[in-house]
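[1] heads up, no residue letters with this:
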């Protein structure tokens, strides 16, 4: 039942994405929007609309088929899948930090100080966020 | 941690698919458990023991390293 609610909230999210996408696409063609990057806005709108439609179609299809709903529920609640998800996130974080550090060093060597600073700030923000999440979670568990 | 899941499953003539269905996990989880690639949580260990009507220590063999 709980998972059904989640599916329904995903459909609502899909509707929100689609409406937002349509609104963005329309806003790109409103007179007075010439000063903005209208090409980007309409592309963003199209992307949101597509994601919204995919969400709606996918989750309605799952909700209408009890067998498929059960299959998705088992896969979503499977503890090994949850562990894999958590490990993959951890690994992706570690790989990203190492790659960013290497990129920052390379940029600095080639006098690309601005790029090095952007990458450095980005990496620091991510590490800070990790540290903050760790503190919050350690209080919870 | 070693386990006797495969042995118990074969004794009870149950397929991996049926065991996975009964425990609400994916078949891949059962495969990983049987191959010793994944250690079950306490909840799953409890459900496994209950399913086979045995004690948890009869399913899992804890070896101190």
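    Structure's in. What do you need? Everything quoted here is computed from the prediction, not taken from an experiment.

[2] contacts and neighbour counts: CA atoms only from here.
    Will do.

[3] what's the neighbour count on residue B:7?
    Using other C-alpha atoms under 10 Å in any protein chain shown, residue B:7 has 12 other residues around it.

[4] buried residues in the host helix or strand of it?
    Taking DSSP states H and E as the criterion, residue B:7 maps to helix B:5-11. By neighbour count on 16 or more other C-alpha atoms under 10 Å in any protein chain shown, the buried set for helix B:5-11 is B:5-6, B:8-9.

[5] Could you single out the nearest of these to chain A?
    residue B:5 (16.1 Å; C-alpha to the nearest C-alpha).

[6] In chain A, what residue lies closest to chain B?
    Across chain A, no residue is closer to chain B than residue A:78, which sits at 5.0 Å (C-alpha to the nearest C-alpha).

[7] Please tell me how far that residue sits from residue A:84.
    Using C-alpha to C-alpha, to the nearest Å, we find residue A:78 at a distance of 10 Å from residue A:84.

[8] what does residue A:29 give?
    According to C-alpha to C-alpha, residue A:29 stands 44 Å off from residue A:84.

[9] Of the two, which one has the most company?
    Between residue A:29 and residue A:84, counted using other C-alpha under 10 Å, the more crowded position is residue A:29 (14 against 11).

[10] which residues in chain B form helices?
    Using DSSP state H, the helices of chain B run over B:5-11, B:16-23, B:27-34, B:42-52, B:56-59.

[11] Now do the same contact list for the residue positioned nearest the centre of chain A.
    Nearest to the geometric centre of chain A sits residue A:51, at 11.8 Å (C-alpha atoms, centre = their mean). By C-alpha atoms under 8 Å, 6 or more residues apart in numbering or on different chains, the contact set of residue A:51 is A:14, A:17-18.

[12] Count the neighbours of the closest residue to chain A within chain B for me.
    Chain B approaches chain A most closely through residue B:25 (5.0 Å), counting by C-alpha to the nearest C-alpha. Residue B:25 has 23 neighbours, counted by other C-alpha under 10 Å.

[13] Please apply the same query to residue A:18.
    Neighbourhood size, residue A:18 [other C-alpha under 10 Å]: 24.

[14] Please tell me the pLDDT value assigned to it.
    You'll see residue A:18 listed with a pLDDT of 97.

[15] element containing it?
    Residue A:18 is part of helix A:2-28 when elements are defined by DSSP H and E.

[16] Just name whatever secondary elements that helix is in contact with.
    On a contact count with 3 or more C-alpha pairs under 8 Å, 6 or more residues apart in numbering or on different chains; DSSP states H and E, helix A:2-28 meets helix A:38-64.

[17] Let me know the pLDDT of the residue nearest to the centre of chain A.
    For residue A:51, the model assigns a pLDDT of 96.

[18] Pull out the buried positions in the helix or strand harbouring residue A:137.
    Using DSSP H and E, residue A:137 sits within helix A:113-140. Neighbour counts using 16+ other C-alpha under 10 Å place A:116, A:119-120, A:123 of helix A:113-140 among the buried residues.

[19] any weak-confidence spans in chain B?
    Residue ranges of chain B with pLDDT under 70: B:65.

[20] Spell out which parts of it neighbour chain A.
    Contact residues (C-alpha under 8 Å from any C-alpha of the partner chain) of chain B with chain A: B:24-26, B:29, B:38, B:41.
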